[in-house]
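Asker: coords below, sequence missing:
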């Protein structure tokens, strides 16, 4: 059985997003053990300087890295990452299982992204789209795609 570790900077604020995540978490329980870790965003002023943003990213990055096990295959969600189809993501996840590590971590950073240190630790940089999405919605979208990936690999009828 896979172990999926979803590490997110920030909490879900809206009830409808929490409900969607709960639904996909329930569905995923047939395929994996899902752990969602919510980290508090670093505090920065309203109009931060580049140095303040870098300091916040480094602070968040250290806390993110502390949540990653050495044997986890890490997917960093970042805009410069590779865009995959649902089938390709499913194959990526299967690759982790076949290589002997069904331990996967997905990382969703805060509003300013991820530190370079976190990106360097990642085995794969993944982008959902060239479009920009709120981080809270990205969590729901990622959980749905992970569920879809398991359904594709198991031959389920969810994916058409």
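Answerer: Noted; the coordinates are in hand. Treat the numbers as computed from the prediction; the structure is a model and nothing was measured. Numbering: from 1, shown residues only.

Asker: low-confidence ranges in the chain?
Answerer: 99-101, 159-160 (pLDDT under 70).

Asker: Distance from the longest strand that it contains to the middle of the chain?
Answerer: Identified as the longest strand of the chain according to DSSP state E is strand 73-83. Here strand 73-83 is found 8 Å from its chain centre; the criterion is Cα atoms, centre = their mean, to the nearest Å.

Asker: Just checking: what are the partner strands of it?
Answerer: Strand 73-83 pairs in its sheet with strand 103-108 (parallel), strand 124-127 (parallel), by DSSP bridges.

Asker: And the contacts of the shortest one?
Answerer: Strand 124-127 is contacted by residues 73-84, 89, 92, 106, 119 when judged by Cβ atoms under 8 Å, 6 or more residues apart in numbering. For the C-beta atoms, the positions are set from N, CA and C on the backbone; glycine is no exception.

Asker: Give me the PyMOL select line for those, limited to the buried ones.
Answerer: Under the burial definition 16 or more other Cβ atoms under 10 Å, those of those that qualify are selected in PyMOL by:
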select buried, resi 73+74+75+76+77+78+81+84+89+92+106+119
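
Asker: And the residue positioned nearest the centre of the chain, how close does it get to residue 47?
Answerer: Nearest to the centroid of the C-alpha atoms of the chain, with distances taken as Cα atoms, centre = their mean, sits residue 106, at 3.2 Å. Residue 106 sits 31 Å away from residue 47, going by Cβ to Cβ, to the nearest Å.

Asker: same thing with residue 79?
Answerer: 22 Å.

Asker: Please apply the same query to residue 129.
Answerer: 28 Å.

Asker: Have a look at those two and say which one is more surrounded.
Answerer: Taking other Cβ atoms under 10 Å, residue 129 and residue 47 do not tie; residue 129 has more neighbours (10 against 6).

Asker: Could you give the separation of the strand or helix carrying residue 52 from the chain centroid?
Answerer: Element membership of residue 52, judged by DSSP states H and E, is helix 50-66. The chain centroid and the centroid of helix 50-66 are separated by 17 Å under Cα atoms, centre = their mean.
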